[in-house]
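Student: For reference, the sequence and a predicted model appear below.
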Amino acid sequence: SSHCVLNNGYSQEKYTFKDTDGKHINAHGGGILFHKGTYYWYGEIKEGESYSMPSGSRRVDAGGVSCYSSKDLKNWKNEGVVLAANTTDPNHDLHISKVIERPKVVYNKKTKKYVMWMHVDSEDYSYARSAVAVSDKATGPFTYIESVRPNGYIARDMTLFVDDDGKAYHFFSSEDNKTMHIALLSDDYLKHTTTYKRIFIEKSREAPAVFKYKKRYYIVTSGLTGWHQNEANYGSSDEILGDWTNYGNPCKGKDAHIPYYGQGTFVIPVNAKKNKFIFMADKWNERDLKSSTYLW
Ligand code: DGJ
């Protein structure tokens, strides 16, 4: 589809994903929940001016989390802000001066709650925590609970994966982004258990996207270069908390070394049994982060 058209860098407006109001979809670093026949796309709201930090890195004020819904993965209805940024309390985890990235939502069958985990950080990325929010409805509003350092470890880029047995796992870049952790969540998905596995030790991987195919687990990650593209890597394992093997770059063809100007964020199991998956990536535009687009 036209959504898949590749471009050469920053003149991306032409290829933006639009919602049913014709507006640029504002759901970066996103993920998809498929529930009762509807796809829900959650992501970072990036609005307002981009500006440089003393370190030289670029940011926008934290904008909270958006949700879009769709029956066909093509027509997306804006469901609005499902978790708002805080504008009044600079000490709040979700204050606009902070960082709110890579939100992912899963549904808990036992509690019938929608659980969101996300990366929250200070603007210099030293806070490095995972935060959790909960809602009775897929379209929110989500109630913020808290941020944590899972089992005492720092946590940045992340994703969630729910296995067929209902167990949920939190994948996150830890240990100064050098090593990835996979932590088993509690039955209600609101806490970390003490069960976790360190993978890709000292390999510096981020932007994890996880899926399962024929009883095997797969992960796509990026390297660590801020908003700049770098080569992706994919790995797999027979056991989710097992020893994951990395196989190298899954991309082929032109611009495969920079995922066609994208950085992964999620893999949608459209029909996993029939080997149908969609890889979702962000095409970051660090000069103007709000105009970052997407690549599937
Ligand atoms: C790379 C991460 O994957 C993004 O989510 C974001 O944190 C940028 N770094 C910030 O530079």
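Tutor: Arrived safely.
Student: Tell me how many other residues surround whichever residue of the chain sits closest to the ligand.
Tutor: Taking Cβ to the nearest ligand atom, the ligand has its nearest neighbour within the chain at residue 226, 3.8 Å off. Heads up, the C-betas are built off the backbone N, CA and C, glycines and all. Residue neighbour count, defined by other Cβ atoms under 10 Å, stands at 11 for residue 226.
Student: what about it, which helix or strand?
Tutor: Taking DSSP states H and E as the definition, one finds residue 226 inside no helix or strand.
Student: Kindly report the same for the one 5 residues further on.
Tutor: Secondary-structure element containing residue 231, defined by DSSP H and E: none, the residue being outside all helices and strands.
Student: go on, the one 4 residues further on?
Tutor: Element membership of residue 235 [criterion: DSSP H and E] is strand 233-237.
Student: Give me the packing partners of that strand, helices and strands only.
Tutor: Strand 233-237 sits against strand 216-222, strand 245-248, with contacts defined as 3 or more Cβ pairs under 8 Å, 6 or more residues apart in numbering; DSSP states H and E.
Student: can you list the residues that contact the shortest one?
Tutor: Right, strand 245-248. 200, 203, 233, 234, 235, 236, 237 (Cβ atoms under 8 Å, 6 or more residues apart in numbering).
Student: Please list the residues of the protein that sit near the ligand.
Tutor: 29, 57, 101, 102, 157, 206, 207, 226, 227, 263 (Cβ under 6 Å from any ligand atom).
Student: The residues you listed, buried ones only, as a ChimeraX selection?
Tutor: Remark: buried members of the residues of the chain next to the ligand, expressed as a ChimeraX selection using 16 or more other Cβ atoms under 10 Å:
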select :29,101,102,157,206,207,227,263
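Student: Including pLDDT, could the residues of the chain next to the ligand go into JSON lines?
Tutor: Converted to JSON lines, the residues of the chain next to the ligand look like this (pLDDT from 0 to 100):
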{"residue": "29", "pLDDT": "98"}
{"residue": "57", "pLDDT": "93"}
{"residue": "101", "pLDDT": "98"}
{"residue": "102", "pLDDT": "99"}
{"residue": "157", "pLDDT": "98"}
{"residue": "206", "pLDDT": "97"}
{"residue": "207", "pLDDT": "98"}
{"residue": "226", "pLDDT": "95"}
{"residue": "227", "pLDDT": "96"}
{"residue": "263", "pLDDT": "98"}
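Student: Return the distance of residue 237 relative to residue 213.
Tutor: 12 Å (Cβ to Cβ, to the nearest Å).
Student: who's more crowded, these two?
Tutor: A direct count of neighbours by other Cβ under 10 Å for residue 237 and residue 213 places residue 237 higher, at 17 against 14.
Student: Just the pLDDT for the closest residue to the more buried one other than its chain neighbours.
Tutor: Distance criterion Cβ to Cβ, 6 or more residues apart in numbering; nearest residue to residue 237, sequence neighbours excluded, is residue 244 at 4.2 Å. At residue 244, the model reports a pLDDT of 97.
Student: Can you get me a residue count around residue 244?
Tutor: 19.
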